[in-house]
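A.B. asks: sequence-free structure coming up:
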């Protein structure tokens, strides 16, 4: 599998919606419709990034980064709002590729911190911690300032 990462295009949104539906059965049709409408807007906003991972022409994964200002944190905070991977390919490097691109994009956008929802699964928590994230209540966070080793 040869993965390529890029910003999503407006023409990707229908495939993205289908991927979200396959990757997470908790989404209703109405939620998917609303998500697709919002994703179409986010593609153009400077305070967000919709990132896709492709294997050739096949969409393998998606991540949505949103930004918010925080006076208490001293700058912008990135939020990994959505991470969806084609079922069966979660461990083929797609998730890690997406997370690394979100980290890069958040840094490039000037974020001082990146947050993700805290996973309920201890195995998933260990994977996030291996990527440099620390537990902070119901979220995990990773400092984006300093050297990569400075997050501990």
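C.D. replies: On my side now, so go ahead. Keep in mind that this is a model prediction, so the values were computed, not measured.

A.B. asks: which other helices and strands does the lengthiest strand in the chain contact?
C.D. replies: Identified as the longest strand of the chain according to DSSP state E is strand 58-70. Packing partners of strand 58-70 (3 or more C-beta pairs under 8 Å, 6 or more residues apart in numbering; DSSP states H and E): helix 13-23, helix 29-42, strand 48-55, strand 75-85, helix 95-108, strand 111-117. (C-beta placed from N, C-alpha, C; glycine too.)

A.B. asks: can those go into CSV with extra columns for distance to residue 68 and mean pLDDT?
C.D. replies: Output for those, formatted as CSV (distance: least, C-beta to C-beta, whole Å; pLDDT from 0 to 100):
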stretch, distance to residue 68, mean pLDDT
helix 13-23, 22, 91
helix 29-42, 14, 88
strand 48-55, 10, 95
strand 75-85, 5, 93
helix 95-108, 12, 93
strand 111-117, 9, 93
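
A.B. asks: what about the residue nearest to the spatial centre of the chain, distance to residue 7?
C.D. replies: In the chain, the centroid-proximal residue (C-alpha atoms, centre = their mean) is residue 63; its distance is 3.3 Å. To residue 7, residue 63 is 11 Å away according to C-beta to C-beta, to the nearest Å.

A.B. asks: so what sits against both of those two?
C.D. replies: Residues touching both residue 63 and residue 7 (C-beta atoms under 8 Å, 6 or more residues apart in numbering) are 50, 51.

A.B. asks: any idea how many residues pack against residue 16?
C.D. replies: Around residue 16 there are 25 other residues, counting by other C-beta atoms under 10 Å.

A.B. asks: so the residue nearest to the centre of the chain sits against residue 83, correct?
C.D. replies: Yes: the pair residue 63 / residue 83 is scored as a contact, 5.1 Å apart, by C-beta atoms under 8 Å.
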